[in-house]
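Colleague: sequence and predicted structure below; questions after.
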Amino acid sequence: VLVCLLSIFTIYQSVIGISQFYGLLESRHTLFPITGTFLNPGPFGCIFAIIGVYLILYTNSFYVQFRISCNSDSLNDKKSLLFRFTYCIGVVALFLCVSMIVLSKSRSALLGFIIPIVIFFLSTKRMKVYKSRIKYRKAFAFVGILISTILITMIYNVRQESANGRLHIWKVSLSEPDKSLILGTGIGTFPRQYTIKQEEFYTEQGLDSNWIKYADTPFYAFNEYLHLVYEIGVIGLLLFCLTSFLVIKKQLSHIGCKIFAYGVI
């Protein structure tokens, strides 16, 4: 039932995204053609990344059962029919997820989709055997560094000006941290605190700084962890990370919830 609901939601959002891409519906952001029902392509792409991770692991994990079900004589069995329908609609939704991630051009969505799948692949029994052998460790390390370098370079060059704008936000946010970052300044206070930080940054750097063209008044830090530090402090961030760790650990230890863990990752 959950797979069906997620798949239907995916198809609904995809229809809106495709309609916006072809100009049949208006985007909810003046600078980006595709946002779905969201205000920005970032969350639009990220929701597909989360659902996409779950669907790709679901279709992979239950492929054998699907083949067996299709070849069985239980064509009129309601449970078998529901399973086959769920699997098929999940495959369609997965294809749409990947398409929407590409069209959204969201770097966070792309990373959020790739990283958990790589972790899942590396955690399989066959890969654990390879990794345990010394002669394969250097090869894994080399391939990992190479792929990471290529991926980061590609992601940076997708929208270079946008990437520089975010680097500017992080640079300003991390300049001269004060005591308020320990407990934070409260939910929803990031825009005000960032404006103060930015003023202090350019008072020190001067208005002739190369970063001045990226100066802005963003509503969020474009980095969830940095945003949390500003609003609920380092202590709040540690509690958030601890909670996330416990949730993922609990799900990984439960066979029925294991696939969900990678969605949380």
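Modeller: Everything's here; your move.

Colleague: which ones are touching Ile232?
Modeller: Shown in contact with Ile232 (Cβ atoms under 8 Å, 6 or more residues apart in numbering): Leu183, Gly184, Ile187, Phe240. From N, CA and C alone the C-beta is placed, and that goes for glycine too.

Colleague: switch the cut-off to 6 Å
Modeller: Gly184 (Cβ atoms under 6 Å, 6 or more residues apart in numbering).

Colleague: assign it to helix, strand or coil.
Modeller: helix (DSSP: H, G, I helix; E, B strand; the rest coil).

Colleague: any idea how far it is from Asn60?
Modeller: Per Cβ to Cβ, to the nearest Å, Ile232 is found 37 Å from Asn60.

Colleague: same deal with Leu181?
Modeller: Look at Leu181 and Asn60: by Cβ to Cβ, they are 42 Å apart.

Colleague: mind checking the SS state of Phe219?
Modeller: Under three-state DSSP, Phe219 comes out as coil.

Colleague: mind listing the helices for the protein?
Modeller: Secondary structure of the chain by DSSP state H: the helices cover 2-21, 41-61, 63-71, 78-104, 107-122, 125-132, 134-158, 160-173, 180-183, 190-205, 224-252, 258-264.

Colleague: model confidence over the last one, on average?
Modeller: pLDDT averaged over helix 258-264 equals 86, rounded to a whole number.

Colleague: so, low pLDDT: which residues of the stretch 51-200 of the chain?
Modeller: Across the stretch 51-200 of the chain, the ranges flagged by pLDDT under 70 are 73-76, 125-138, 140.

Colleague: just say which of the helices of the chain is most tucked in.
Modeller: helix 41-61 (a mean of 23; mean count of other Cβ atoms under 10 Å).

Colleague: got the contact list for that one?
Modeller: So helix 41-61 is contacted by 6, 10, 32, 34-36, 38, 90-91, 93-94, 97, 100-101, 104, 106, 108-109, 112-113, 116, 259, 262-263 (Cβ under 6 Å, 6+ apart).
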